[in-house]
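>>> Turn this into a structure:
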Amino acid sequence: GKAPKGYEALAPATEMLNGMIKEANTKLDASQLQCAKFERNQIVLMQEATRDVASFNGQAAAARSQVLSSQATIGMLNDKIPKVQGELKDHRSNCKSEVATLKFQIGVVKRDLGIVRKILSLVKCDDK
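Next up, the predicted model:
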């Protein structure tokens, strides 16, 4: 094996460089395919994430609306509570007064009934 000299060495060197270029191009193509696939997957993931964010934003807006509605209802009911408590107090007071009046009237009726019974026992009526 004598080493090629001059132009004889050019062909093997060119062949070797061409092989290296071909190998580099093959690796570049594979890398570009891998990068393109990765990019497509990332785009799909970003689109899904964007849809999810939009969906969650919609849900959050609906929840905020429900919170505001509930707060308005709570405010209205908190305003009504003192009025209803006052009405209940008045109602209880009126009931207490009415019960006392009715008990007094029942006492009067019982006394009157007792008097009527005494009068009836004094008056003898013939059944004829």
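>>> burial of the closest residue in space to residue 3 that isn't next to it in sequence, as a residue count?
Of all residues beyond its chain neighbours, the one nearest residue 3 is residue 9 (7.5 Å), with distances taken as Cβ to Cβ, 6 or more residues apart in numbering. Using the backbone N, CA and C atoms, a C-beta is placed for each residue, glycine as well. By the measure other Cβ atoms under 10 Å, the count of residues near residue 9 is 11.
>>> One more: the one 5 residues further on?
Residue 14 sits with 10 neighbouring residues when counted by other Cβ under 10 Å.
>>> got the residue ranges for the helices in the protein?
10-122 (DSSP state H).
>>> Report the residue spans of this protein with pLDDT below the cut-off.
1, 4, 126-128 (pLDDT under 70).
>>> Try it again at 50.
Judged against pLDDT under 50, the chain has no low-scoring part.
>>> Nearest the middle, which residue of this structure would you pick?
Nearest to the geometric centre of the chain sits residue 63, at 5.4 Å (Cα atoms, centre = their mean).
>>> Quick check: the gap between that one and residue 51.
Here the criterion is Cβ to Cβ, to the nearest Å. By it, residue 63 lies 19 Å from residue 51.
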